[in-house]
Every structure is written in structure tokens, then in C-alpha cells.
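[1] sequence plus predicted model, see below.
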Amino acid sequence: MANEDLAERAQKVLFQNYRTQPIALVRGQGTSVWDADGKKYLDFIGGIATVSVGHANPQVREAVIEQTQLLWHASNLYFTEPQVRLAEKLIRLCFADRAFFCNSGTEANEAMIKLARRWHVSRGHPERIEIVCMNNSFHGRTLGSLAATGQPKYQQGFGPLPAGFRFVEFGDLKQLEDAVTDATCAVLLEPLQGEAGVITAPAGYLKAVRELCTRRGALMLLDEVQTGMGRTGKMFAHQHSGVEPDAMSLAKGIAGGLPLGALLATDELAKVFTPGTHASTFGGNPVATAAACMVVDLLEGGLLDHVRRVSEVLQARLAALPQASPRVASERGLGLLRGVVLAEDLAPQVVAKARELGLLVNAIGDRVLRLAPPLTVSESEIHEAAKLLAQAVAQA
Ligand code: PLP
């Protein structure tokens, strides 16, 4: 099989809903991947921030093999040990008391929206249905998460979307104060907007959102699908601000690249999901949760410190790009989730050139390049990637 052959077959049989790069990946090891023609790449997008502990991580592989020798799936008609173990680990690391597992980010957000609405109903406030969301946010592609996504381009042609979502500017506290009323169920936001182009919140914003929510009786819901599980140098991005939400969604890097999503919440909220109110057939799958347990162990066993250390190196290298080329305007982000902002509409061309040179990154729109390498990335790989990126910018 060669890249071209697979691309040709894919074009005939797959929905054409992705802008897939013209290569087929067949193998990965750490930060490196190889395509079907045998070409090697430094993978600085890591399955869009999912391959958190590196491709073919030996410890995760062991955990997966061990679990596949025991039990692959059971559904939630029965308890399975890895699911309970993962919940214990996650709640020890944050504000939450309980976990619900699903399979993706959008599902975790659907569960979170349903939980918030039902919580107000259970307290005798069915009128509190409105979820205040952020412009340019991204929460997923199912109808509820899509309704909460503040990017109309993703919503076009899919109406009617569920009602009860309104939008304010991310970072604008005044707008938020005006929007949160007695009809507000919750404020839903990402601590750092990933799909909007890696945009961080102004200092003090999350804390102010927390205070406003508490004051007005609205819930604070954080979408940490992209920012959670060590990506920003803390286990969860909101921990940089010292605030605690009422609930949080996770997915992407949680199981090192296997499909898993999670909703974490306080006891008070979690108890409104009584038996039968919400469910997922595959949610909490033993293989995925066994992998996730190992991911958490690795993060706690020194990987978080590593992320903090190497992200400074990456930040410094990217921050130097504008001096080297007028085509780069700035760089931004947190930890190992970084955006390089171009001064011209060249992002897709830079991505293609970088790929030719052996570096995988991804474009958000025409102006921003996103870098989200495996958290295990080494300093020398960062230096190599920065060099290739500078060449790609120059040659695009
Ligand atoms: N929320 C955020 C912040 C995301 O970045 C994404 C995916 O990019 C999602 C939700 C949706 O996740 P999934 O594609 O797993 O449904």
C-alpha cells in the first residue's frame, strides 16, 4: 500500500467531510510517525492533542494488552474495575466527586449540558434553561454541543438546533454580566479556546466567571476536552487560575489516543443523573479506561513536570519566529498547546510545506498554525521541529 493508492480508495468510499492531508500513516513511535511510503515525520499535532503520551507508548500498550486478555467490553450493566479505578484517580486530582464516562468530547459536553439543566429542574427552577457560551468556542458536532459552539460556519444547514444558547465575547466580563440572568442555567466555556486559534483568556477572567456564576446561581461548566490531562502543564487548565468549576468535560488526550470521554462533577450535580436518565453503551470501556489509568500514572509520575519544562523551550523557539520572518506575527498558548499566528493567509500552505519537510502541524483557518505534540516530546525534537517550521514558513 502506498499513500496515493489509499488516498484514491478513500476518495471512492469515505464521506468527503475531512480535509485529509494526502498521506496515510501506518506506524508511530514516540513523537515520530511513518507514512505508507516509508517517510518519517515529527508529529507535532499528535492526533489533534490525543496521543498524549507518545505513539505506541510501551506502558499504555502493556495496560491495553493486559486488559484485552481479560475483558474487552461489558457495558454498564456491570461494574468493570478499570472504570472505577480511573474515576478514583481523576476525582483525586480535581474538584470533582464523581465521573461519568463516554467516548468523545462532544458526548461529554452533551452530558454536561443535560446535567446542568436537570440540576436546576431538580431544584425547582425549570425556567433556568439558558446556557451562556462564548463566541468562537468549539464544543463538538452533535446537535447540543453544536448549538453551544460559537462558530456559525459549523452550524449552517443543520437547523433547527436545540434552543436556549446565547453567546458573548470570550474574555469580555461586562458582556457576560449582562447575559447571565435569572434564566441562566450555566456558563459554558473552554479555559483556553483551542479551535478558535489557541486563544488564552485574559488574566483573572476565569476567576471572575466563577464569582459571577456563584453570585447569580448559575453553574460554571468547563470544556477541558482539549486543554485537560496535562496539555497545558497542569493536570487541568483551570488549575492555573485557582478556580473550581461545577462540572468539566474531558476527552482527547485522556486515554493516550484511544476513544474515551468523561464528565466530572461535584456530588451535588452528579446525583441528578439517577438510573436511566443518561447512559452510554460503550462509555467507560475497560480497554480505554485501563489505558487512561496508565496515562494518569505517567502524568503524575513526572510527565507533568516534563511538560512544564519543555513547553518553555517550545514557547521560546516559537516566539523567535517573528524576528526570523515577517510572515510570522506572533505565538501564543499554554504549555504544549500553542498557536503560531501568521501575518498572511498562508497557514494551509505552511502545513503542506512542513509536511514535505517532515513535520506535521495543523492549520486553524488561514492564519494560525496549531502545535500540540505528544507530552513526551523531547527538547531535541522541539529544536528540530522549530527549525523545520521556520523553513516551511520561508518556503510556503
Ligand atoms: N470540545 C473541545 C474544546 C474540542 O477541542 C473538541 C474537539 O476538537 C471537542 C469538544 C469535540 O471533541 P470530539 O471531536 O471528541 O467530539
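    Good, I have the coordinates. In this text the structure is predicted, and so the values were computed from the model without any measurement.
[2] helix or strand: which one has Leu263?
    For Leu263, the host element (DSSP states H and E) is strand 261-265.
[3] what does Phe167 give?
    strand 165-168.
[4] coming back round to it: just after the strand holding Leu263, pick out the following helix or strand.
    helix 267-270.
[5] can you show me the strands along the stretch 201-350 of the chain?
    With DSSP state E, counting those that start in this stretch as the definition, the stretch 201-350 of the chain shows strands at residue ranges 219-223, 247-250, 261-265, 328-334, 337-342.
[6] for the ligand, find the nearest of those strands.
    Comparing the strands of the stretch 201-350 of the chain against the ligand with Cβ to the nearest ligand atom, the closest turns out to be strand 219-223 (4.6 Å). C-betas here are computed from N, CA, C, even on glycine.
[7] CA atoms of the closest one as CSV?
    Provided in CSV are the C-alpha atoms of strand 219-223 (Å, rounded to 0.1, in the frame of the first residue of the first chain):
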residue,chain,number,x,y,z
LEU,A,219,-23.3,26.7,37.1
MET,A,220,-19.8,27.1,35.7
LEU,A,221,-19.1,24.4,33.1
LEU,A,222,-15.6,24.0,31.7
ASP,A,223,-14.9,22.2,28.5
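[8] what does the stretch 151-300 of the chain have sitting close to the ligand?
    Glu190, Gly194, Glu195, Asp223, Val225, Gln226, Ala251 (Cβ under 6 Å from any ligand atom).
[9] for the ligand, what's the nearest residue on the stretch 51-200 of the chain?
    Gly105 (2.3 Å).
[10] same question for the stretch 251-396 of the chain.
    When scored by Cβ to the nearest ligand atom, the stretch 251-396 of the chain has Ala251 as its residue closest to the ligand, at 4.6 Å.
[11] what sits against that residue?
    Ser104, Gly105, Glu107, Ala108, Val225, Leu260, Gly261, Ala262 (Cβ atoms under 8 Å, 6 or more residues apart in numbering).
[12] format the residues of the stretch 151-300 of the chain next to the ligand as a markdown table; extra columns: pLDDT.
    Shown next, in a markdown table, are these (pLDDT from 0 to 100):
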| residue | pLDDT |
| --- | --- |
| Glu190 | 98 |
| Gly194 | 97 |
| Glu195 | 96 |
| Asp223 | 98 |
| Val225 | 98 |
| Gln226 | 98 |
| Ala251 | 98 |
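[13] greatest separation within those: which pair is it?
    Using Cβ to Cβ, these span at most 13.2 Å, a distance reached by Glu195 and Ala251.
[14] now do the contacts for the residue minimising distance to the centre of the chain.
    With distances taken as Cα atoms, centre = their mean, Gln226 lies nearest the centre of the chain, 1.5 Å away. Counting by Cβ under 8 Å, 6+ apart, Gln226 makes contact with Ala49, Gly105, Glu190, Leu192, Gly194, Glu195, Lys252, Leu337, Ala372.
[15] excluding its backbone neighbours, what's nearest it?
    Gly194 (3.9 Å; Cβ to Cβ, 6 or more residues apart in numbering).
[16] out of the contacts of Gln226, which sit inside helices?
    Among the contacts of Gln226, the members falling in helices (DSSP state H) are Ala49, Gly105.
[17] enumerate the residues of the stretch 1-150 of the chain near the ligand.
    Contact residues, the stretch 1-150 of the chain versus the ligand (Cβ under 6 Å from any ligand atom): Ser104, Gly105, Thr106, Asn109, Phe138, His139, Gly140.
[18] so where's the stretch 251-396 of the chain shaky on pLDDT?
    Across the stretch 251-396 of the chain, no stretch falls below the confidence threshold (pLDDT under 70).
[19] does the residue of the stretch 51-200 of the chain closest to the ligand touch Ser249 like I think?
    Yes: applying Cβ atoms under 8 Å as the test, Gly105 and Ser249 come out as touching, 6.6 Å apart.
[20] identify the contacts common to those two.
    Going by Cβ under 8 Å, 6+ apart, residues that sit against Gly105 and also against Ser249 are Asp223, Val225, Gly261.
[21] so where do the helices sit in the stretch 1-150 of the chain?
    Taking DSSP state H, counting those that start in this stretch as the criterion, the stretch 1-150 of the chain contains helices spanning 3-13, 46-49, 58-70, 81-92, 105-122, 143-147.
[22] Leu77: neighbouring residues, count only.
    Leu77 has 6 neighbouring residues, counting by other Cβ atoms under 10 Å.
[23] what residues are up against it?
    Contacts for Leu77 (Cβ under 8 Å, 6+ apart) come out as none.
[24] got the contact list for stretch 238-246?
    94-95, 116, 186, 191, 204-207, 209-210, 213, 219-222, 224, 232-234, 248, 265-266, 269, 334.
[25] contact partners for Arg216?
    Val180, Thr181, Asp182, Thr184.
[26] narrow those to those in strands?
    Thr184 (DSSP state E).
[27] ok so Leu369 is a helix residue?
    No: checked against DSSP: H, G, I helix; E, B strand; the rest coil, Leu369 lies outside a helix; its state is strand.
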